[in-house]
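A.B. asks: Make a model of this:
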Amino acid sequence: MNPATPHLLFGCIENSNRSQMAEGFARQLGAGRVEAFSSGSRPSGVVNPRAIQFMAEKGIDLTVQRSKGLDELPAVTWDWVVTMGCGDACPHLPARHRLDWELTDPKHLPDDGFRAVRDRIEALVSGLLHEAAAASKGDGTGRP
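C.D. replies: Numbers count the residues shown, from 1 in each chain. Next up, the predicted model:
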């Protein structure tokens, strides 16, 4: 891990849908510019097969990721911690910047609803990467 690269953490409860999709988008869209991770406060232990299916439609392979808890994260200083609208049940870790994206858990939504959440996550991750890039230009370290 490069300490000069911004570290992003996406968190939710189960780490099986929203945070997994956010990690996948951040890894693809921010390749080489950020290090992205996801975690859950009560991880399910599996990535939802529907998340895998719908992310594959975007060319992102979630089969290389796995559902994990906070204790499995690297010991780094988080530049951005983004929670997924899960309130007090979301994981809380210290970070330079914190965001909460009010996102419905898509696990019980019909396919179109699941895709809508996925597409919203893609737009939010893209915006975050733009914001992180702008912030990193300010101090020359590559960190927001």
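
A.B. asks: And the lengthiest helix in the chain, what's buried?
C.D. replies: As assigned by DSSP state H, the longest helix anywhere in the chain is helix 111-136. Neighbour-count burial for helix 111-136, counted by 16 or more other C-beta atoms under 10 Å, picks out 114-115, 117-118, 120-122, 124-125, 128-129, 132, 135-136. For every residue, glycine as well, the C-beta is placed using N, CA and C.

A.B. asks: can you check stretch 73-90 too?
C.D. replies: Within stretch 73-90, the residues that count as buried by 16+ other C-beta under 10 Å are 73, 78-84, 86, 90.

A.B. asks: As JSON lines, these with distance to P106 and pLDDT would be great.
C.D. replies: Formatted as JSON lines, these follow (distance: C-beta to C-beta, whole Å; pLDDT from 0 to 100):
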{"residue": "L73", "distance to P106": "24", "pLDDT": "93"}
{"residue": "W78", "distance to P106": "25", "pLDDT": "94"}
{"residue": "D79", "distance to P106": "27", "pLDDT": "94"}
{"residue": "W80", "distance to P106": "22", "pLDDT": "95"}
{"residue": "V81", "distance to P106": "21", "pLDDT": "94"}
{"residue": "V82", "distance to P106": "16", "pLDDT": "95"}
{"residue": "T83", "distance to P106": "16", "pLDDT": "92"}
{"residue": "M84", "distance to P106": "10", "pLDDT": "90"}
{"residue": "C86", "distance to P106": "13", "pLDDT": "75"}
{"residue": "C90", "distance to P106": "16", "pLDDT": "72"}
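
A.B. asks: What ranges does this protein have for its helices?
C.D. replies: All helices of the chain, identified by DSSP H, fall at 18-29, 49-56, 111-136.

A.B. asks: Export the ones you listed to TSV and append columns for distance to G69.
C.D. replies: Listed next are these as TSV, based on distance: least, C-beta to C-beta, whole Å:
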stretch	distance to G69
helix 18-29	12
helix 49-56	18
helix 111-136	21
